[in-house]
Every structure is written in C-alpha cells, then in structure tokens.
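I need the structure of the sequence given here:
(one chain, ligands or ions: 1)
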Amino acid sequence: MASYLITGGAGFIGSHLAEALLARGHHVWIIDDLSTGSIANLDPIRENPRLQYFVDTIMNTARMAELIDRVDGVFHLAAAVGVRLIFENPVHTIQTNIRGTEIVLELAARKKKKVQIASTSEVYGKGARVPFRESEDLVLGPTTCPRWSYACSKLIDEFLALAYWREKQMPTLVTRFFNTVGPRQTGRYGMVIPNFVGQALRGEALTVHGDGRQTRSFAHVRDVVRAVIELMERDDTNGEVFNIGNPQEVSIIDLARRILELTGSHSEIRHVPYEEVYGPDFEDLDRRVPDVTKLAGTIDWSALQDLDAILRAVIETERGKL
Ligand SMILES: NC(=O)c1ccc[n+]([C@@H]2O[C@H](COP(=O)([O-])OP(=O)(O)OC[C@H]3O[C@@H](n4cnc5c(N)ncnc54)[C@H](O)[C@@H]3O)[C@@H](O)[C@H]2O)c1
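Numbering: from 1, shown residues only. This next block holds a predicted model:
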C-alpha cells in the first residue's frame, strides 16, 4: 500500500479523495489551513488509524518538507478557490496558488515524489472551442479583470509541473477539474448548485446571474476522485494534462427549474445582473464543457452519476442542514 499527502485535504474534493484512498487501503496525510475547508469534512474518517492531519499552511516549508519526505506521492489541491474570494483577495489568491505550488514541487523534486497538480477549466479562458480539449489554445482576458488571475496562476502551476517532468524527470501530472459537486461542497464561494438548492429549500428566490442561458457541466465528486486516483497510479500519465469533468451540459436557467422540480419548492427565479454581484469588470463564459476523450482512453473512465443523481445528493445534504 502507498502513502499520500493531500494538500487541501480538509476541503471539499480533498476530503472525498482522502476517504477514497483510505478505502483502498492507503495511508493518508493531510495539510490544510482551514481557510475554506473544515475539520468537519473529515468526520467520517477522523478515527481511521491510517489518517494523519495537520492544520497548517502549505507556505510552512519546514512542515511541508517533513510531510513530503514521508509519502510516496502528493495530491496538491490546496488553493485559494472561488470567484468571490478571488475578487476580494486577489493578492492572497495569486500568492497561495503560485508560491504554494512552487514549494510543493521544489520539495517533491528532492526525492522525485510524484505530484498531481489540481488545475481548473478556468484556464481555457474565453477563446477555446467547445468542448474544451487539453491541446486547445488558451485565451485569457486582460490583467485589469481580476477574474483571470486565478486562471493565470493555475496556468503557471501547470507550466511549472510540466517543466519539472521535462527538465528533472520528476513525475508530475496536471488535472483540470471542471465544475465538481456533491456532499460537503460549500455555497459560500459562488458554487451554483448548493446555492440554488439552499434558496429553494428556504423558499427564497433562486438568483440567476444574467439571463441564465450560459451553460455549465457538473461532475459528481466521487466520479472525479476515481479519475484522480487512477491517473496517479499510472506511469504513462507523467508529464500529461487531463480534463476531468462530466460532458453533460445544462443551462443555468434549466438547472434552477430542475432544482425547483426536485425540491418541490415554489420559490421564484430572479435574474440578477452580473455587475450587481461582481462589479463592472466581470466577464462570464457562455459554455464550459470538457472533452474527456483523453481521460476515457487512458483509464477507461465515464461519469457514473448524471445531473439528477448529483442534484438529489446535494438536496439531501442541504435538507439535513435545515
Ligand atoms: N470544486 C470545483 O468545482 C473545482 C473546479 C476546478 C478546480 N478546482 C480545484 O480543486 C482544488 C480543490 O478545490 P475544492 O473545490 O475542494 O475547494 P476547497 O476550498 O474546499 O478546497 C481547498 C482547500 O485548500 C485549503 N487551503 C487553501 N489555502 C491553503 C494553504 N495556504 N495551506 C493549506 N491549505 C490551504 C482550504 O482550506 C481548503 O480546504 C483546488 O485546487 C481548486 O482550484 C475545484
């Protein structure tokens, strides 16, 4: 059995990843500063003797060196995440996402430990053809629009990870996550499904940004985690970039309507202009759909949970919070 470090392991995806790795018999180490994650996310696994967790920042180089020395590989998920956080704390976002990744890669390179870097569909920017393919050209917006700093910082992470593989033969791989949803996701940082479900269950209006014709695709966190682990276990994934997401597409307005149906809520749908939520500099993308041909061809993957299954799981979780 192997042992792995998960940075950001008390977060939404990280905690599901920890559970899945423990279920496969591995040892798991977690470092998380709880900035957006929570210890409660680890409740189902806290007593597991094969889990060790530390509340600390990935900027603590001494701690990181100690942890990386102990493990066979690193899943680097810690990052400043969420559209709102990026707008409110742009300096913090850039520093965490670039310096944090530099620290992970520098330390892992000493003993050639394999590192998987969690990137994002945001890197496709606004120029890519739908569905987004890993080899596509990337077109970001101007530096005066803070939104793009997140994509750009993750792109630097990607370049750096791939450079370590090319120059130092240190095994790295990049996974670009598309919208990932499921139990424990927080709605605080602009995550649309938990927000809508919470509003529907409380009888509040569902707030759709813009006209709602923009589409998204949502993957269940368990499907995502399965891909993350299987890619990590293979040698032919070194130096490669993979989309991980569900190609099933839905418009935001249809998503709101479906959530009303499934919750039986009589809430209304209210359209809110983007400027009102994020200020005048905000740019949104019409469509963001992954091409998962490369992923499916490498690990024989397909999304097992469709949108309704995902919505039912989130509704159940949110009902439990009322
Ligand atoms: N959820 C999605 O839909 C999605 C989409 C694209 C990319 N991603 C990427 O996946 C990764 C995990 O995202 P998530 O959705 O689970 O979000 P999350 O906020 O739940 O997880 C991030 C975790 O990192 C921790 N963290 C942040 N800064 C840290 C620091 N300096 N030191 C230690 N820990 C720190 C947070 O406390 C949190 O637990 C991130 O890298 C994110 O960019 C997620």
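
Check the contact between residue 160 and residue 102; I expect there is one.
Yes - contact status for residue 160 versus residue 102: in contact at 6.7 Å, counting by CB atoms under 8 Å. (C-beta placed from N, C-alpha, C; glycine too.)

okay, these two: which has more neighbours?
Just comparing residue 160 and residue 102: by other CB atoms under 10 Å the higher neighbour count belongs to residue 160, 18 against 12.

what's the average pLDDT for stretch 141-148?
On average, the pLDDT along stretch 141-148 is 87.

what does the stretch 1-150 of the chain have sitting close to the ligand?
Residues of the stretch 1-150 of the chain lying close to the ligand (CB under 6 Å from any ligand atom) are 7-8, 10-14, 31-37, 57-59, 77-81, 96, 100, 118, 120.

now those: which count as buried?
Neighbour counting with 16 or more other CB atoms under 10 Å marks 7-8, 10-14, 31-33, 35-37, 57-58, 77-81, 96, 100, 118, 120 as buried within these.

Tally up the residues packed near residue 267, please.
18.

do the same with residue 99
Neighbours of residue 99 (other CB under 10 Å): 13.

I figured it hits residue 59, correct?
Yes - applying CB under 8 Å, one finds residue 99 in contact with residue 59, separated by 6.7 Å.

Just the helices from the stretch 101-250 of the chain, written as ranges.
147-168, 192-202, 221-232 (DSSP state H, counting those that start in this stretch).

Figure out how far stretch 126-138 is from the centre of its chain.
Remark: stretch 126-138 is offset 18 Å from the chain centroid, using CA atoms, centre = their mean, to the nearest Å.

go on, stretch 101-110?
Relative to the centre of its chain, stretch 101-110 is centred 20 Å away, using CA atoms, centre = their mean.

start the count at 57, not 1, going forward
Okay, residue one is now 57; in that scheme the one you just asked about reads as stretch 157-166.

Give me the buried positions along that stretch.
157, 159, 160, 161, 163, 164, 165.

repeat for stretch 370-378
370, 371, 374.

Please name the bridge partners of residue 107.
Per DSSP bridges, the residues bridged to residue 107 are residue 84.

Contact residues of the stretch 207-356 of the chain facing the ligand?
By CB under 6 Å from any ligand atom, the residues of the stretch 207-356 of the chain that approach the ligand are 233, 235, 236.

ok, and the most crowded of the residues you listed?
Counting neighbours by other CB under 10 Å, residue 236 leads those with 25 neighbours.

Just give the nearest non-adjacent residue to it, would you?
Nearest non-adjacent residue to residue 236, counting by CB to CB, 6 or more residues apart in numbering: residue 280, 4.9 Å away.
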